[in-house]
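**Student:** please work out how this folds:
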Amino acid sequence: MRLEKLINDTKFRGLFFQVLLGLSLVLAGHWLFSNTVDNLTNQGKTLGFDFLSRTSGFQIIPTLGTWVLDYEVGRSTYLDVYFIGIINTTIVAFLGILAATVIGFVVGIMRLSENLILRTFATIYIEVVRNVPLLLQLFFWYFAVLRLLPGKREKIELFGGMAGLNITGLYLPAPVVGQYFYITIMAVLLAILLGFYLKKYASIRQADTGQILPVFWMVLGILIVVPSIAFYLTGSPLDWSFPEFKDTGPKLRRGYQDGFGMAVVPEMLAVLFALALYTAAFIAEIVRAGILAVNRGQTEAAFALGIRPNITLRLVIIPQAMRVIIPPLTNQYLNLTKNSSLAVAVGYPDIVSVTNTALNQTGRAVECIAIVMAIYLTTSLATSLLMNWYNTRSAIKER
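**Tutor:** This next block holds a predicted model:
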């Protein structure tokens, strides 16, 4: 009777099967690890991460990661190589997410526009871009667009010569940070914090009185004024190094000179364009679905109160649509980050590309793949955690 009672107990059955599943996973992991070690031992290999302290033996094209870590062949280690891959992957993913979000929201709203030209353009963009494989779009941007730019001894001037573009990359002014520039950074963080408090105060005030404060312009003013005051009081501790183009002298030395400005390599531009535009097509459909999910009566009620269409969209429709938009939007952010691994196809040194080279040189396949899996898992979990927090903050609170 005791055993029968336990079997019929829902809590006991649930706990029993959870413990059984946990033990099964532990045993499966132990078997997999032991089998891997035995196979490596039979091949005369060992398992360990000591290779990360060895000096690397391959060159990496100049990127933000190599600039931050001052990478040099024969001096830097494989650990530095992985950090470079992480930095390069992170910067492409971050900029791609930012660009895809902006483009996706704009195109998604255009898809619902009453203007025939805007609606048609948005429809064509979405249907074409999302139905062409990402790898082909990456090849298109790299081989069919960026490879048609002027040669390394020619240039396309941008912003009055302060920046330039040719087949070797996009050349931009590089910041030269002074001693007290950290104070300006702290002022920026303080301004952002003040902006959050101002937005919260404006929401409370609007709920109590119905009056709407121009939060955007007030926050923008704070973000400009507070850091500017700190910047000038500390003696303007920031200068700029502009790209220098030499079109005279020995032919081999013509073109953009090293040590002036900073260069964004075409491989990074191709990856960024492909990821941002491809993901934006999916985000646009998510935004359109989210807006259509809001009851039409909300729009009609806002118009009946005399609220202008742009304010209705920003303050009535979008806040309610976000509860539908955010969950699938999170999936698109995760997909974009993982799709950045296709950068290896055009030679951009992301985490997958540098790992492939490190694997070929060290022969540590298991360790190298495990590191890449851990990096992508950590990045995905961090993105999910941040978006889940934002989803909770954006959820409509019922009374």
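
**Student:** same question for stretch 145-161, mean pLDDT?
**Tutor:** For stretch 145-161, the mean per-residue pLDDT is 85.

**Student:** and that stretch, which residues are buried?
**Tutor:** 146, 149, 153, 155 (16 or more other Cβ atoms under 10 Å). C-betas here are computed from N, CA, C, even on glycine.

**Student:** please report how far the closest residue to residue 291 other than its chain neighbours lies from residue 381.
**Tutor:** Leaving aside its chain neighbours, residue 291 sits nearest to residue 321 (4.9 Å; criterion: Cβ to Cβ, 6 or more residues apart in numbering). Using Cβ to Cβ, to the nearest Å, we find residue 321 at a distance of 26 Å from residue 381.

**Student:** those two: who's more crowded?
**Tutor:** Set residue 321 next to residue 381 and count neighbours by other Cβ atoms under 10 Å: residue 321 wins out with 22 against 11.

**Student:** what about the closest residue to residue 235 other than its chain neighbours, how many neighbours?
**Tutor:** Closest residue to residue 235 in three dimensions, ignoring its sequence neighbours and counting by Cβ to Cβ, 6+ apart: residue 180, at 6.8 Å. For residue 180, the count of nearby residues is 15 (other Cβ under 10 Å).

**Student:** residues touching residue 180, list them.
**Tutor:** Residue 180 makes contact with 234, 235, 237, according to Cβ atoms under 8 Å, 6 or more residues apart in numbering.

**Student:** so the last one makes contact with residue 175?
**Tutor:** No - with contact defined as Cβ atoms under 8 Å, residue 237 does not count as touching residue 175 (10.6 Å).

**Student:** the two - which one has more neighbours?
**Tutor:** Using other Cβ under 10 Å as the criterion, residue 237 and residue 175 rank with residue 237 on top: 16 against 12.

**Student:** before we move on, back to that, any idea how far residue 293 is from the residue nearest to residue 291?
**Tutor:** Separation of residue 321 from residue 293 (Cβ to Cβ) stands at 6 Å.

**Student:** what does residue 218 give?
**Tutor:** For residue 218 relative to residue 293 (Cβ to Cβ), the value is 31 Å.

**Student:** show me which of these two is the more surrounded one.
**Tutor:** Shown here are residue 218 and residue 293; by other Cβ under 10 Å, residue 218 has more neighbours (15 against 12).

**Student:** contacting residues around that one?
**Tutor:** By Cβ under 8 Å, 6+ apart, the neighbours of residue 218 are residue 198.

**Student:** could you say which helix or strand contains it?
**Tutor:** Taking DSSP states H and E as the criterion, residue 218 maps to helix 215-233.

**Student:** what comes up buried for that helix?
**Tutor:** Neighbour count says helix 215-233 has 215, 219, 222, 223, 226, 227, 230, 231 buried, by 16+ other Cβ under 10 Å.

**Student:** now that helix: mean pLDDT?
**Tutor:** For helix 215-233, the per-residue pLDDT averages 89.

**Student:** same question, stretch 165-179
**Tutor:** Rounded mean pLDDT across stretch 165-179 is 86.

**Student:** straight-line length of that stretch, end to end?
**Tutor:** 31 Å (Cα to Cα, to the nearest Å).

**Student:** if we look at that stretch, which residues are touching it?
**Tutor:** Contacts to stretch 165-179, defined as Cβ under 8 Å, 6+ apart, come from residues 146-147, 149-152, 154-156, 158, 162-164, 235-243, 255-256, 260-266, 269.

**Student:** ok, now stretch 25-39?
**Tutor:** 47, 366.

**Student:** how about stretch 83-92?
**Tutor:** With Cβ under 8 Å, 6+ apart, stretch 83-92 has contacts from 60, 63-66, 68-69, 71, 268, 271-272, 275, 337, 340, 343, 348-355, 375, 379.

**Student:** buried members of those into PyMOL, please.
**Tutor:** Listed next is the PyMOL selection for buried residues among those, using 16+ other Cβ under 10 Å:
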select buried, resi 60+63+64+65+66+69+71+268+271+272+275+337+340+343+348+349+350+351+352+353+354+355+375+379
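
**Student:** so which of the contacts of stretch 83-92 are in helices?
**Tutor:** Among the contacts of stretch 83-92, the members found in helices (DSSP state H) are 64-66, 68-69, 268, 271-272, 275, 337, 351-355, 375, 379.

**Student:** all helices of the stretch 151-300 of the chain, in order?
**Tutor:** Using DSSP state H, counting those that start in this stretch, the helices of the stretch 151-300 of the chain run over 181-209, 215-233, 266-292, 296-304.

**Student:** quick revisit: most widely separated two among the buried residues of stretch 145-161?
**Tutor:** The most widely separated members of the buried residues of stretch 145-161, counting by Cβ to Cβ, are 146 and 153 (16.9 Å).

**Student:** CA atoms only for stretch 75-91, dumped as CSV, please.
**Tutor:** Provided in CSV are the C-alpha atoms of stretch 75-91 (Å, rounded to 0.1, in the frame of the first residue of the first chain):
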residue,chain,number,x,y,z
ARG,A,75,54.3,37.1,-29.9
SER,A,76,50.6,36.8,-29.3
THR,A,77,49.1,33.6,-28.0
TYR,A,78,46.2,31.4,-29.1
LEU,A,79,44.2,32.9,-26.2
ASP,A,80,44.7,36.3,-27.8
VAL,A,81,43.5,34.8,-31.1
TYR,A,82,40.2,33.7,-29.4
PHE,A,83,39.8,37.1,-27.8
ILE,A,84,40.2,38.7,-31.2
GLY,A,85,37.5,36.3,-32.6
ILE,A,86,35.2,37.2,-29.8
ILE,A,87,35.7,40.9,-30.3
ASN,A,88,35.1,40.7,-34.0
THR,A,89,32.0,38.5,-33.7
THR,A,90,30.6,40.8,-30.9
ILE,A,91,31.1,44.0,-32.9
